[in-house]
Every structure is written in C-alpha cells, then in structure tokens.
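Model the structure of this input:
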Amino acid sequence: MDPIEALDEISFWLERSQAPTFKVQAFRKAADAVRQLSADELARLVASGRITSVKGVGSRSAEVITQALGDRVPDYLADLREKGTEALASGGDTLRAALRGDLHSHSNWSDGGSPIEAMVAAARTLGREYLALTDHSPNLTIANGLSVERLENQLGVVDGINSSHDDFRLLKGIEVDILEDGTLDQTPAMLDRLDVVVASVHSKLRADKKTMTERMLGGISDPHTNVLGHCTGRLVQGSRGTRPQSEFDAPKVFKECAEWGVAVEINSRPERQDPPDDLIKLALDAGCLFSIDSDAHAPGQLDFLQYGAQRAEALGVPTERIVTTWPLAQLKEWLRLKR
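Below is the predicted model:
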C-alpha cells in the first residue's frame, strides 16, 4: 500500500470520528514529510530503521509507513476502517442517500486544515457530485479571511481542478460575513463571479433581538446571498465550549428567506446542530428551502452530512426542499436566479 495514501486515510478516519486535533496533525505532518522523499530514499530509511529520523515522522506513523511498504494494510488503518463501517448517525439513511453535494466547506486558504485538492479527493471518495469551496471573507481575520486578491487567485485554482474532472464539480464560493450594517463582506463585483454565497454572522452574536434581526435581513436581501449559514451561531458541545443562540425574530427572518429564495442551512457540525429543532420547524412552515451542509474544515468532516440528514429526516423536511439533494444542473439553475 502506498504509505502516503495510508497516512492520509488514517487522518480522514480520525477527522471523521472527531479525534483530537494533535493526533490528526501528527499523521498529516508525517504524510507531508514522506511526500518530500523519493521512493528509493524512503525505502532505504525504512530498511535501516531510520525513518523516524525524518522530521514529522513519529513511532506510530513509522509503523504505518513500514507496514504499508511491506505490501499490507497497516494494522492501525485496518482498525480504523473497521470502526468506520459504523454510521455516524442513527437514522436519516434515506435522506443521506439522496444528498448529492455540500455547499459549505473550508480549506487551508482560510481556517481549514487541508489543501483544496485534499478536500476534493475526500468529497469524491464519499460519492459527492459537487462541493462548494466557501472560505471566509476578509473581515474574519482570525480565520485568515480571503481578500479580493487572494480569492481571485483561488478561483484560478478551482478552474484548474475542474478541468481535471468530468464527474465532479468544485463550485466557486465564499462564506461571507454579514457585517453589522447588514452588508456583505466582499465586493459586489467579486460576489458576481461566484457560484455560491453562504452569508453568516460571526461577530456581536449577543446583540439585541432587533439589531440582530435587521442585520440578518440585510444579508438575506442582498441579491448575491444563496444560503443563510448557521443562523443562531450557537455551540452546544466541543473544544470551544458552549455558546447560547443569538436572538432574532425568527418568523420574520425565515419569511424573508422564503421570499428571497435563500436556503436555510442545516449545519451538520456536531458542535453546532444549527438551527435548533424548533427553528427548523418554523423555517419549514415558512416555506423555506434548506441546504444540508458539513461546514467541513478537514476532509474527514465532509462526512458530517450524516448528522444533518438525521435531523432533517426526523423533523420531516421534504427531500425536494433540500437543495443539496438536487442534481447539479438544477442546483446551478437555482443559483443563477440570484445573479
């Protein structure tokens, strides 16, 4: 087995199971280190027992590399594969099977942990037909948000990737901040060039109800906005601790989403589970479309869609109202309506 593929696959399974970041990074760093070696050099280091002399290769990754070069599936990987046969979520199987794509993901161009190419490879392995690359916008400096110039460069990378695949489409996108005045944190000219715009609030989440409602309505009414991202901003678990949901006039916000053709995101990250069940029901009654998204920041997290599918199916969200179940041609037609 190719040792780099083995290390990358281990990282995928660890990310999928929400393993500690340091453990995932250890295998990612080992894979990067091995990529710098020629096949002959790698073989010599393994044969001499000196593979751990390579910076970034520890004892466990050395064992994986050695077993992979010995023409066998490494024991550690085999164990993770066996555990990975179990579904992440109990339920939602019918809807999960209907999902074709994902409109919210991040790469190492902003605050994700992996290159764009790795995210695409994982999406294709999971059977996705399309994935939107939605790195952050400039205002979110803590997440290394993309300036106009950096986003311009990223669009060229996306074009290159799409030219290499006939069975998969990487959509040009952004997770753009809804600023305090309700405007979007990117130039209209640049937003015009994108396929997908996910608009989210990331700051001043404890603002009063009236202020937050007006802010969100501004983002929803922008003709570029396709998806309203993680609308309450809440955190219910995880390493970042918990955070209460923001206060806003939900019936009014969802009414505007329905009228403007903006899909309400069902964010599948386990620490978010956003919107809460009661707000999903409100959005359903308001006639909204939905987008079940992973908000993945690493390849293994792309499989978090299972959690969103479980919640949506349990709450009776019709498949036809979930845009990420639509074929690419239908999705693109809907996206173009806003441009």
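
The host helix or strand of residue 310: which residues count as buried?
Assigned by DSSP states H and E, residue 310 belongs to helix 305-314. By neighbour count on 16 or more other C-beta atoms under 10 Å, the buried set for helix 305-314 is 305, 306, 307, 308, 309, 310, 311, 312, 313. For the C-beta atoms, the positions are set from N, CA and C on the backbone; glycine is no exception.

shaky segments in the protein?
Where the chain drops to pLDDT under 70, the residues are 339.

Look through it and report the residue furthest from the middle.
residue 48 (40.9 Å; C-alpha atoms, centre = their mean).

Residue 3 versus that one, what's the distance?
16 Å (C-beta to C-beta, to the nearest Å).

Give me the residues contacting stretch 322-334.
95, 98-103, 129-130, 169, 195, 261, 263, 289-293, 305, 312, 319 (C-beta atoms under 8 Å, 6 or more residues apart in numbering).

Helix, strand, or coil at residue 177?
Recorded secondary structure, residue 177: strand (DSSP: H, G, I helix; E, B strand; the rest coil).

Residue 223 now?
Secondary structure, three-state DSSP: residue 223 is coil.

so residue 307 touches residue 273, yeah?
Yes - here residue 307 reaches residue 273: they are 7.4 Å apart, a contact under C-beta atoms under 8 Å.

Strands of this structure, residue ranges please.
101-102, 130-133, 169-177, 196-200, 227-228, 263-267, 290-293 (DSSP state E).

neighbours around the nearest residue to residue 7 once chain neighbours are set aside, how many?
By the measure of C-beta to C-beta, 6 or more residues apart in numbering, the closest residue to residue 7 outside its immediate chain neighbours is residue 31, 3.9 Å from it. Other residues near residue 31 number 24, with proximity taken as other C-beta atoms under 10 Å.

who touches residue 31 in this structure?
4, 7, 8, 11.

Quick one: mark the members of the residues you listed that sit in helices.
Using DSSP state H, the subset of the contacts of residue 31 located in helices is 4, 7, 8, 11.

ok, the third one - contacts?
So that's residue 8. Residue 8 neighbours (C-beta under 8 Å, 6+ apart): 27, 28, 31, 118.

any chance of the residues you listed in JSON lines, with distance to residue 277 too?
What follows is the contacts of residue 8, written out as JSON lines (distance: C-beta to C-beta, whole Å):
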{"residue": "27", "distance to residue 277": "36"}
{"residue": "28", "distance to residue 277": "35"}
{"residue": "31", "distance to residue 277": "39"}
{"residue": "118", "distance to residue 277": "33"}
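
For the stretch 151-300 of the chain, just list every one of the helices.
Remark: helices assigned in the stretch 151-300 of the chain by DSSP state H, counting those that start in this stretch are 188-192, 209-221, 250-260, 277-285.

Could you export the ones you listed as a markdown table, including mean neighbour count and distance to residue 39?
Shown next, in a markdown table, are these (neighbours: other C-beta atoms under 10 Å; distance: least, C-beta to C-beta, whole Å):
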| stretch | mean neighbour count | distance to residue 39 |
| --- | --- | --- |
| helix 188-192 | 14 | 43 |
| helix 209-221 | 19 | 51 |
| helix 250-260 | 19 | 53 |
| helix 277-285 | 17 | 51 |
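
Same list (those helices) but as TSV, adding distance to residue 298.
Shown next, in TSV, are the helices of the stretch 151-300 of the chain (distance: least, C-beta to C-beta, whole Å):
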stretch	distance to residue 298
helix 188-192	26
helix 209-221	27
helix 250-260	29
helix 277-285	26
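
which one of the ones you listed lies closest to residue 54?
Taking C-beta to C-beta, helix 188-192 is the member of those nearest to residue 54, at 41.4 Å.

Packing partners of that closest one?
Under the contact criterion of 3 or more C-beta pairs under 8 Å, 6 or more residues apart in numbering; DSSP states H and E, helix 188-192 touches helix 148-162.

which helices and strands does the helix it packs on pack with?
For helix 148-162, the packing partners by 3+ C-beta pairs under 8 Å, 6+ apart are helix 116-125, strand 169-177, helix 188-192.

quick one: the last one to chain centroid distance?
In terms of C-alpha atoms, centre = their mean, to the nearest Å, the gap separating the centre of helix 188-192 from the centre of its chain is 22 Å.

likewise stretch 256-274?
Relative to the chain's own centre, stretch 256-274 is displaced by 14 Å; criterion: C-alpha atoms, centre = their mean.

From one end of it to the other, what's the distance?
Criterion C-alpha to C-alpha, to the nearest Å; first-to-last residue distance in stretch 256-274 is 18 Å.

And that stretch, what's buried?
Using 16+ other C-beta under 10 Å as the test for burial, stretch 256-274 gives 256-258, 260-269, 271-274.

For residue 275, grab phi and psi.
Dihedral pair for residue 275: phi -80, psi 160, per degrees, to the nearest 10.

if I look at the nearest residue to it once chain neighbours are set aside, how far off is residue 116?
Excluding the flanking residues, the one nearest residue 275 by C-beta to C-beta, 6+ apart is residue 231, at 5.4 Å. Counting by C-beta to C-beta, the gap from residue 231 to residue 116 is 27 Å.

Thanks a lot, see you next time.
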